[in-house]
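>>> Provided below are the primary sequence and the corresponding predicted coordinates.
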Amino acid sequence: MKGFNVLHPMGWDAFGLPAEQYAIDTGTHPSITTKKNINTFRRQIKMLGFSYDWDREVDTTDPAYFRWTQWIFLKLFNSYYDPSWAKAVDISLLEDALAEKPRRRSEWESSAFLASWRKAAQEAGNDPQQREAFVRKTVSDLRLAYENWVPVWWCEGCKAVLANEEVKDGKCDRKGHQNVVRRPMRQWLLRITAYADRLLEDLKLVTWSESIKEMQRNWIGRSEGAEVDFEIAEGPAAGQKLRVFTTRPDTLFGATYMVLSPEHSLVGKITASQQREAVHAYRSEAARKSELERTSLDKEKTGVFTGNYAVNPVNRDKIPIWIADYVLASYGTGAIMAVPAHDTRDFEFAQKFNLPVIQVVQPPDPKVDWHGFVDDGTSVNSTGPDVSITGLPTGEAKTKITAWLAEKGLGKKAINYKLRDWLFSRQRYWGEPIPVVHCEKCGVVAIPETALPLMLPEVTDYTPPATGEPPLAKATEWLNTVCPQCGGPAKRETNTMPQWAGSCWYYLRYMDPKNSQQGWDPAKERYWMPVDLYIGGAEHAVLHLLYSRFWHKFLFDRGYVSTTEPFTRLINQGMILGEDGQKMSKSRGNVVNPDSVIVEYGADSMRLYEMFMGPLEAMKPWNMQGVQGVYRFLQKAWRMVVNEETGRLDPAVRDAQADEETLRLLHQTIRKVGGDVETFGFNTAISAMMIFVNHLARQEVRPKSVLESFVLILAPFSPHVAEELWSRLGHNRSLAHEPWPQYDEELAREKQLELAVQVNGKVKDRIVVAAEADDESVKAVALASEKVIAALGGKTPKKVLVVKGRLVNIVV
RNA sequence: GGCCGAGUGGCGGAAUGGCAGACGCUGGGGACUUAAAAUCCCCUGCCCGCAAGGGCGUAUGGGUUCGAGUCCCAUCUCGGCCA
């Protein structure tokens, strides 16, 4: 109606566990269940009359779709991240550089990153075989999609690996299974950490709510500090370096012990024999706990002494090395220097195990206790044989000690992120197959793009083998294949992609959904991108939205998209709760089924009520009586036009001139509704339309032109009723082709205004003045009011304030 | 524990620093009807008062301002995310 070309699509992100679980339980192929559910959702959505462009419908489980998900995976597999250029680059450049191929020499010579790897390759030796092995390892280590053995959450109940975010309170968040343990497995990972800084930086380019941005910042968790090397003091590992990350290098002199995470690779080597048993027992205990349990502040601290010591580089002190589960292998280096005086967790731990606490920071306020003081202050007791930071404020102390460490080769400035690489494989059937094979001779080999889509094998048994291998391992015919590189025997990758994969790029497919030659046509991409408005639940704040941004930036680097960010504006619609104010759930029995609401009140009432309930972003409870309310409004709007007795146009509807008041209200309503739509204030837009209908329904003459304008502004909210009224008003073309009504500022203007008159801020009277009256005459009318004179009680006003169109305040 | 957000009638919620409670629901009264539903009209924040009228009110306490639901400080409660 406003003449914009709007792409308003709908699609289905349909890979995932529920359909697979159902398949395991019933033997029904997940694609059948998925199709059935899609059909139900589509029917319900169509019933509500949303004007989605169904020609653009996508389904992430459709081979014509996931072919391109797999294609993006291959692009990731065939790229490395070049920090000196801060972008992803085709892996062939790395290969050429390491092999010193003349091809693209000037290109690879200009990368400092490639230069350092070339140097490493030269140092690997001159033996061609050694050299080749080094190149091969380096190339596979630097890919953006890579394999690694990682301790992952293994759910005994699901027989599947869970992502960190699927484990809540040490339980499986999907099915509530209790038996979740850490276990190392071969996994695929995507190097999202390479993009950490850009994902952080570019948040300033998008119009999202501050809270969502903040969640992403916290999730990425960038912190600046230093890496410091301590030396192992005793045993066979003596002299080896134990690296820690700390955000507080200024507190190094207060380090009284060290803590390794139980999983740390050095634990075995450094543990003294008399402590071996205790350490082993503690490690297996820790494997069962979730990070939440382990790092919770109110939890009683636990830990075991390894029997070994480390040397503090700043003062040569020998300090004991412990292991404790409050240190996580996945954060920093998996080891910390403990400064109990100025870290809450270290302090608790030291108290419990009677470890020394040394003050090294003086709080700015001398009344504040330094025990457990974690903020900035002034360094004290921080003088060693070679360096001193005593007397320096925290900021300067950090800089000085870090510079000293770097100079002595004992450490360096470092930035650490909480963000981990994205665990990108699942041991499941119902997901996109990862398009690589494992060849005995060539290792991991990507299948050629022309062989995509790589289909899932048809199977009858969806249960995973108890070995922990994915279900696809059972499909032997599919599994055994030939290597695309050497033609020898090879096995297909049996892991599938996680549910997030398909939804990472679906917005791009909407722009060109039927293209069989490419994922999307670059010209169409340039025309439509970026997504102007993205509406979704806040539950996607960190995962989907971060993954999607990561893929988009990667595609940008490789030249496949033209924008650095995919979603310009993001709005999080609030959740609708059940009538009891609780989250809707089958078990609570408070679920509202749209089908039955539509049968009783119609689709327009359902739509209108959802918009009228309150602000779009707020969480709000459903209320059937509220539906009844908007239903009444629609009925009234209907009767304003159609006579219920005759079923024809009401006699009050005439080709008449509208009176001044009606016309004014109409133009005010058009203005209000139009403005509210821009700001997503649907609830107040509907309220304005209610006021309009309440007025017009009372009129004995209802000018047809006024009704027509009203029906047009009602249409986006209540399309079915509006179309029908439009037709009853004598039109035989859909109103969707009509222009949005314009309002006339002059006609919308009030001619007379009622102003409040306050004496010392309290309302004493109301006066009516002409809208264009100047301040002086308004003042005069206000001061002439009897009630005002009475309230003044003979006193002379000190000041009289006139607020245009609002009120007069008389100060005495 | 940290970060973010929010606290307004019986309920959902309105309110560019300018008349708090728009609009809707609920409840009450009335009209129409044999009756009911639907519809229409009136009332509906709390307290005092027969009334006219007055007082108090946006979680709590303070502050800025002619004027604060709105801005600032502190506290409490709830929600979300993280640990």
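That came through fine. Numbering: from 1, shown residues only, chains lettered A, B, ... in the order given.
>>> Do I have it right that residue A:235 meets residue A:309?
No - Residue A:235 is beyond contact range of residue A:309, at 9.4 Å (criterion: C-beta atoms under 8 Å). Heads up, the C-betas are built off the backbone N, CA and C, glycines and all.
>>> Pick out whichever of those two has more residues nearby.
residue A:309 (22 against 16; other C-beta atoms under 10 Å).
>>> Please settle this for me: is that one part of a strand?
Yes - counting by DSSP: H, G, I helix; E, B strand; the rest coil, residue A:309 is part of a strand.
>>> need the contact list for it.
Neighbouring residues of residue A:309 by C-beta atoms under 8 Å, 6 or more residues apart in numbering: A:232-234, A:318-321.
>>> Name the nearest residue to it, ignoring sequence neighbours.
The spatial neighbour of residue A:309 that comes closest, neighbours along the chain excluded (C-beta to C-beta, 6 or more residues apart in numbering), is residue A:233 at 4.0 Å.
>>> Ramachandran coordinates for the one you found?
phi -90, psi -30 (degrees, to the nearest 10).
>>> count of residues packed around it?
Count around residue A:233 with other C-beta under 10 Å applied: 18.
>>> quick one on the thing from earlier: so what sits against both of residue A:235 and residue A:309?
What both residue A:235 and residue A:309 touch, as defined by C-beta under 8 Å, 6+ apart, is an empty set.
>>> hang on, the earlier thing: who wins for most neighbours among the contacts of residue A:309?
residue A:321 (27 neighbours).
>>> So it: helix, strand or coil?
Per three-state DSSP, residue A:321 ends up strand.
>>> what pLDDT does it get?
Note for residue A:321: predicted pLDDT of 93.
>>> Quick check: it touching residue A:304?
No - between residue A:321 and residue A:304 there is no contact under C-beta under 8 Å: 10.4 Å.
>>> Can you classify residue A:484 as helix, strand or coil?
coil.
>>> just to revisit the earlier point, which among the contacts of residue A:309 gets closest to RNA strand B?
residue A:321 (21.5 Å; C-beta to the nearest atom of the strand).
>>> Show me what that closest one bridges to in the sheet.
Beta-bridge pairing of residue A:321 under DSSP bridges involves residue A:258, residue A:308.
>>> Show me how far the one helix or strand residue A:675 maps to is from its chain's centre.
Assessed by DSSP states H and E, residue A:675 sits inside helix A:660-678. Here the centre of helix A:660-678 is set off from its chain's centre by 37 Å, with C-alpha atoms, centre = their mean, to the nearest Å.
>>> re the thing from before, of the contacts of residue A:309, which is the nearest to residue A:404?
residue A:319 (19.2 Å; C-beta to C-beta).
>>> Whichever residue of the stretch 601-750 of chain A sits closest to RNA strand B is in what secondary structure piece?
Closest contact between the stretch 601-750 of chain A and RNA strand B, by C-beta to the nearest atom of the strand, is at residue A:629 (2.6 Å). Secondary structure from DSSP H and E places residue A:629 in helix A:624-641.
>>> So which elements touch that helix?
helix A:594-601, helix A:603-612, helix A:682-696, helix A:704-714, helix A:719-728 (3 or more C-beta pairs under 8 Å, 6 or more residues apart in numbering; DSSP states H and E).
>>> okay if I get the ones you listed as JSON lines plus mean neighbour count?
JSON lines is the format used below for these (neighbours: other C-beta atoms under 10 Å):
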{"stretch": "helix A:594-601", "mean neighbour count": "14"}
{"stretch": "helix A:603-612", "mean neighbour count": "22"}
{"stretch": "helix A:682-696", "mean neighbour count": "19"}
{"stretch": "helix A:704-714", "mean neighbour count": "22"}
{"stretch": "helix A:719-728", "mean neighbour count": "19"}
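>>> got TSV for the ones you listed, with distance to residue A:126 and mean pLDDT too?
Output for the helices and strands packed on helix A:624-641, formatted as TSV (distance: least, C-beta to C-beta, whole Å; pLDDT from 0 to 100):
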stretch	distance to residue A:126	mean pLDDT
helix A:594-601	72	92
helix A:603-612	72	95
helix A:682-696	72	96
helix A:704-714	79	96
helix A:719-728	75	96
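>>> Quick one: closest of these to residue A:112.
helix A:682-696 (53.3 Å).
>>> Hmm, residue A:641 is touching residue A:650, no?
Yes - counting by C-beta under 8 Å, residue A:641 does reach residue A:650; the two are 6.3 Å apart.
>>> list residues touching both of these two?
residue A:702.
>>> So which of those two has more stuff around it?
For residue A:641 versus residue A:650, neighbours defined as other C-beta under 10 Å are more numerous around residue A:641 (23 against 18).
>>> does residue A:765 belong to a helix or a strand, and which?
Per DSSP H and E: residue A:765 is located in strand A:762-770.
>>> do the same with residue A:477
Assigned by DSSP H and E, residue A:477 falls in helix A:476-479.
>>> tell me which residues of that helix are tucked away?
A:478-479 (16 or more other C-beta atoms under 10 Å).
>>> cool, stretch A:765-783 as well?
Result for stretch A:765-783 [16+ other C-beta under 10 Å]: buried residues A:765, A:767, A:769, A:773, A:778-779, A:781-782.
>>> So chain A: which segments form each domain?
Using automatic domain parsing, the domain parsing of chain A gives A:11-60+A:501-575, A:79-142, A:223-416, A:594-747, A:750-811.
>>> Residue A:211: which of these is closest?
It is, among the domains of chain A and with distance given as C-beta to C-beta, domain A:11-60+A:501-575, at 8.0 Å.
>>> can I get the helices and strands packed on helix A:624-641 in CSV with distance to RNA strand B?
Formatted as CSV, the helices and strands packed on helix A:624-641 follow (distance: least, C-beta to the nearest atom of the strand, whole Å):
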stretch, distance to RNA strand B
helix A:594-601, 12
helix A:603-612, 7
helix A:682-696, 4
helix A:704-714, 14
helix A:719-728, 15
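>>> Adding distance to residue A:347, write those out as JSON lines.
Below are these laid out as JSON lines (distance: least, C-beta to C-beta, whole Å):
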{"stretch": "helix A:594-601", "distance to residue A:347": "54"}
{"stretch": "helix A:603-612", "distance to residue A:347": "51"}
{"stretch": "helix A:682-696", "distance to residue A:347": "50"}
{"stretch": "helix A:704-714", "distance to residue A:347": "63"}
{"stretch": "helix A:719-728", "distance to residue A:347": "63"}
